[in-house]
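[1] Give the three-dimensional model of this entry:
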Amino acid sequence: MDMLWSGWGDPAKAAPLPDSVTGLLRDLLGVKPRDTAPHALEEISVPGPPPAPALDALADAVGGAEHVRTDAETRIRHTRGKSTPDLLKIRAGDAGDAPAAVVLPATHDEVLAVLRVCAEHGLAVVPFGGGTSVVGGLAPERSAFVALDLRRMNALLGIDPVSRTATLQPGLRAPDAEALLAEHGFTLGHFPQSYEWATIGGFAAARSSGQASAGYGRFDEMVLGLTLATPEGTLDTGRAPRSAAGPDLRQLVLGSEGAFGVITSVTVRIRPLPRTRVYEGWRFASFEEGATALRRLAQDGPRPTVLRLSDETETFVGLAQPDAIGSSDAPANPGCTAIAGYEGTEEETARRREEAAAVLRAAGGTYLGAEPGERWAHGRYSAPYLRDALLDAGAFAETLETATFWSRVPELYAAVRTALTQTLAAAGTPPLVMCHISHVYENGASLYFTVVSAQGEDAVTHWAPAKEAANEAVLNAGGTISHHHGVGTDHRDWYLREAGPLGVEALRAVKDRLDPDGVLNPGILLPVD
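    Here you go, the predicted model:
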């Protein structure tokens, strides 16, 4: 099943906003219903396909013409990613940067062959897994390119229960990977918000971080080995779990977003399936108080498997039922809600819950019971569907994230909120800005912001200054330009500043060696020469 071309996920799971919520958006933010309906898929035009010689060569590379698709619908479904500007453009009928063709290889050698063909014919290559990028990672700066759809590379290649490792192909979607591992009694433990649609290769290419990262770690921490196909040949990394044999080339590939090569297999650390999962809620009087509590658990333990904290605004929106938001039934001062989740054996889970509860209470937390945690777990993948409903109602909704050291969290939080609020208010679309701490570490944490406002006359243009202001605020306050969404084109200029001139030159040298013709996702991560 393919994802909805003009929105997120499974169309059957989408639902319109209740009238009470649309009324609140109108009264609070000035949101007005849009005047025109989105274009129908069959009404959208795409540029022409590659010349016949290139198509024939691509077909030879992947075992037949049936694995090279040039029909308009397939190409539209592979146009850009799933950021709000991406969706607004495609809903408006803009598919001017659709791929010239969609190519579906089945093996590492076929990927190598496709890269050679594209280099010979001057076609760029964009690896395509689940298509969930929200930072412009699927919109290269080259008019003629092919989308390299990896869905046929979707196998569990091997499992080592003694070492607790598994080797997976890149096109394997996360739910399918979990199902295959569960047959052997294991889990990867990687559950980002994009879980239902994202792929193993995409997790590696973007340095993904799942919602259970406090317990299982980030995806880049799980990766033990990688195979990379490049126009210049194959790069294999990872002979052992750790090594002192020079710099770790795995880390060069992780986060490279298809700019250095195409990941064709990933060997990952796996864990035994947990026997029990428990999620619960805690309340703190303020975001600062809650952040201090999370820091104590992250630094001194015991660390829950899931640990996150919503600020006052996000808590207010999340605690109230949709038909009660803004009414007298909504709590006047909900404080800040934290979610703590525990996975493992029954004995281990009970011990960690008890010890963590003592820390949270000592830090000012009030136990809310299991209901908030279970409600979060039930709806943990639903936010993108809510964004689609907001767009349908005429609102603008977008997210951005960053990370920093604990001592800088308050400054970073305030700086990004101020930048977004002031920029959008100046444009006549005052926003609702929400935030949560989504991932914690011993030394710092990530901040995940959600912004809702009216769309303005031109929603895409209206968002650009706010996004730029937020990016500037992130760097100026000592944050990283991305914690887990990646760089793409949206963050590239700020990533160059974060990496520094010499760092960029080093990455450019790697790019030039592995991809001398510049066919791999041009303009992503690094600018085109």
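
[2] Now do the contacts for residue 361.
    residue 367 (Cβ atoms under 8 Å, 6 or more residues apart in numbering). From N, CA and C alone the C-beta is placed, and that goes for glycine too.

[3] Now for it, which secondary structure element holds it?
    helix 346-362 (DSSP states H and E).

[4] and if you look at residue 113?
    Applying DSSP H and E as the criterion places residue 113 in helix 108-121.

[5] Just the mean pLDDT for that helix, thanks.
    For helix 108-121, mean pLDDT is 98.

[6] can you start the count at 5 instead of 1 from here on
    Right, with 5 as the first residue, what we last looked at is helix 112-125.

[7] Give the buried residues for that helix.
    112, 114, 115, 116, 117, 118, 119, 121, 122, 123, 125 (16 or more other Cβ atoms under 10 Å).

[8] distance of the last one from residue 143?
    Taking Cβ to Cβ, to the nearest Å as the measure, residue 125 and residue 143 are separated by 21 Å.

[9] Any stretches of the protein with poor pLDDT?
    Scanning the chain for pLDDT under 70 picks out the ranges 39-40, 323-337.

[10] tell me the secondary structure for the residue nearest the centre of it?
    Closest to where the C-alpha atoms of the chain average out (Cα atoms, centre = their mean) is residue 489, at 4.3 Å. Here residue 489 is recorded as coil under DSSP: H, G, I helix; E, B strand; the rest coil.

[11] contacting residues around it?
    Counted by Cβ under 8 Å, 6+ apart, residue 489 has contacts 138, 139, 210, 404, 405, 495.

[12] Can you report how many residues neighbour the closest residue to the third one other than its chain neighbours?
    By the measure of Cβ to Cβ, 6 or more residues apart in numbering, the closest residue to residue 210 outside its immediate chain neighbours is residue 490, 3.9 Å from it. Residues lying near residue 490 (other Cβ atoms under 10 Å) number 26.

[13] Pretty sure residue 142 is one of the things residue 490 touches, is it not?
    No. Contact between residue 490 and residue 142 fails when scored by Cβ atoms under 8 Å: they sit 10.7 Å apart.

[14] and the gap between the residue nearest to residue 100 when sequence neighbours are not counted and residue 526?
    Leaving aside its chain neighbours, residue 100 sits nearest to residue 51 (6.9 Å; criterion: Cβ to Cβ, 6+ apart). According to Cβ to Cβ, residue 51 stands 17 Å off from residue 526.

[15] likewise residue 239?
    Residue 239 is 19 Å from residue 526, by Cβ to Cβ.

[16] Residue 82 now?
    17 Å.

[17] swap in residue 106?
    According to Cβ to Cβ, residue 106 and residue 526 sit 18 Å apart.

[18] just residue 116 next, same as before
    Applying Cβ to Cβ, the value for residue 116 to residue 526 is 19 Å.

[19] and if you look at residue 351?
    From residue 351 to residue 526 the distance is 53 Å (Cβ to Cβ).

[20] more crowded one of these two?
    residue 526 (22 against 10).

[21] Would you agree that one is in contact with residue 146?
    Yes. Counting by Cβ under 8 Å, residue 146 is a contact partner of residue 526 at 4.7 Å.

[22] Show me the common contact partners of those two, please.
    What both residue 526 and residue 146 touch, as defined by Cβ under 8 Å, 6+ apart, is the set 128, 532.

[23] Buried among the contacts of residue 489? Need that as a selection in ChimeraX.
    To isolate the buried subset of the contacts of residue 489 in ChimeraX, counting by 16+ other Cβ under 10 Å, use the following:
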select :138,139,210,404,405,495
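
[24] Max pairwise distance over the contacts of residue 489: which two?
    Within the contacts of residue 489, 210 and 404 form the most distant pair, 14.7 Å apart (Cβ to Cβ).

[25] if we can go back for a sec, give me the subset of the contacts of residue 489 that lies in strands.
    404, 405 (DSSP state E).

[26] Identify, from the contacts of residue 489, the entry nearest to residue 307.
    Using Cβ to Cβ, these come closest to residue 307 at residue 405, 20.4 Å.

[27] and that closest one, what does it touch?
    442, 450, 451, 452, 453, 486, 487, 488, 489.

[28] Relative to residue 267, which of the residues you listed is nearest.
    residue 488 (16.9 Å).

[29] so where does the closest residue to the closest one other than its chain neighbours fall, helix or strand?
    Spatial nearest neighbour of residue 488, excluding adjacent residues (Cβ to Cβ, 6+ apart): residue 213 at 3.9 Å. Under DSSP H and E, no helix or strand contains residue 213.

[30] how about residue 213, what does it touch?
    Here residue 213 is in contact with 196, 222, 223, 442, 443, 450, 487, 488 (criterion: Cβ under 8 Å, 6+ apart).

[31] go on, residue 525?
    Shown in contact with residue 525 (Cβ under 8 Å, 6+ apart): 128, 129, 130, 131, 141, 144, 261, 262, 263.

[32] Check the offset of stretch 504-515 from the chain's centre.
    Its chain's average C-alpha position is 25 Å from that of stretch 504-515, according to Cα atoms, centre = their mean, to the nearest Å.

[33] what's the burial count for residue 70?
    By the criterion of other Cβ under 10 Å, residue 70 has 9 neighbours.

[34] Does it belong to a helix, a strand or coil?
    Assignment for residue 70 (three-state DSSP): helix.

[35] any idea how far it is from residue 129?
    Distance from residue 70 to residue 129, by Cβ to Cβ: 20 Å.

[36] quick one on the thing from earlier: so what's the backbone phi/psi at the residue nearest to residue 210?
    Recorded main-chain torsions at residue 490 are phi 100, psi -170, according to degrees, to the nearest 10.

[37] Tell me how far it lies from residue 353.
    33 Å.

[38] Residue 513 now?
    From residue 513 to residue 353 the distance is 48 Å (Cβ to Cβ).

[39] what do you get for residue 404?
    Distance of residue 404 to residue 353, given as Cβ to Cβ: 34 Å.

[40] number of nearby residues for the residue nearest to residue 191 when sequence neighbours are not counted?
    Using Cβ to Cβ, 6+ apart and skipping the chain neighbours, the partner closest in space to residue 191 is residue 277 (5.1 Å). Look at residue 277: counted by other Cβ under 10 Å, it has 14 neighbours.

[41] Thank you kindly, that will do.
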